[in-house]
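**Q** Predicted coordinates and the sequence they were generated for:
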Amino acid sequence: MDASHTAEDVIESYIIDTIQLSAAAPTDDDGDEQISCIHFYQDMQNVIEEMDLIKKEVTELTREKGLMMCCLSSWIGLPEDVPADKSSLS
């Protein structure tokens with residue numbers, strides 16, 4: 001499951017839990033609500049960590065692509081600021 005679906009599931013579960021707790025008979029004990037909040041924050045922390053890993057991977061791939069384009073440009077003799085795909089033979 002990808003990070004966006006995981007985040008969606010975590011948030012939906014928290015909302016459902018909150019609604020169910022609100023519908024339950026009112027008591028002076030907020031233990032269930034605190035447990036629900038703890039699980040929500042733990043799950044959200046996991047989602048944030050997963051999204052940070054995705055961001056790191058995208059950054060690395062973008063950097064690698066830039067290096068490849070730079071090397072390709074110098075290998076075929078193009079100016080570095082001209083993308084290789086825009087430099088068709090005239």
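**A** Happy to help now that I have it.
**Q** worst-scoring helix or strand of this structure, pLDDT-wise?
**A** Sorting the helices and strands of the chain by mean pLDDT, DSSP states H and E puts helix 3-23 at the bottom, at a mean of 81.
**Q** how far does that helix sit from the chain's center?
**A** Relative to its parent chain, helix 3-23 has a centroid offset of 18 Å by C-alpha atoms, centre = their mean, to the nearest Å.
**Q** so where do the helices sit in this structure?
**A** 3-23, 31-76 (DSSP state H).
**Q** Please dump those into CSV; it should also carry mean neighbour count for every row.
**A** Placement of C-beta: from N, CA and C, glycine included. Formatted as CSV, the helices of the chain follow (neighbours: other C-beta atoms under 10 Å):
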stretch, mean neighbour count
helix 3-23, 13
helix 31-76, 12
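**Q** just checking, what packs against the least confident helix or strand of the chain?
**A** helix 31-76 (3 or more C-beta pairs under 8 Å, 6 or more residues apart in numbering; DSSP states H and E).
**Q** check contacts around the spatially most central residue of the chain.
**A** Nearest to the geometric centre of the chain sits Met51, at 2.7 Å (C-alpha atoms, centre = their mean). By C-beta atoms under 8 Å, 6 or more residues apart in numbering, the contact set of Met51 is Ala3, Ala7.
**Q** Let me know the pLDDT of it.
**A** Per-residue pLDDT puts Met51 at 89.
**Q** ok, now Lys55?
**A** Predicted confidence (pLDDT) for Lys55: 91.
**Q** same question, the one 3 residues further on
**A** Listed pLDDT for Val58 reads 92.
**Q** And it, how close does it get to Asp52?
**A** Plainly put, Val58 is 11 Å away from Asp52 if you go by C-beta to C-beta, to the nearest Å.
**Q** Could you check the angle the least confident helix or strand of the chain makes with helix 31-76?
**A** 170 degrees (axes from the mean of the first three to the mean of the last three C-alpha atoms, to 10 degrees).
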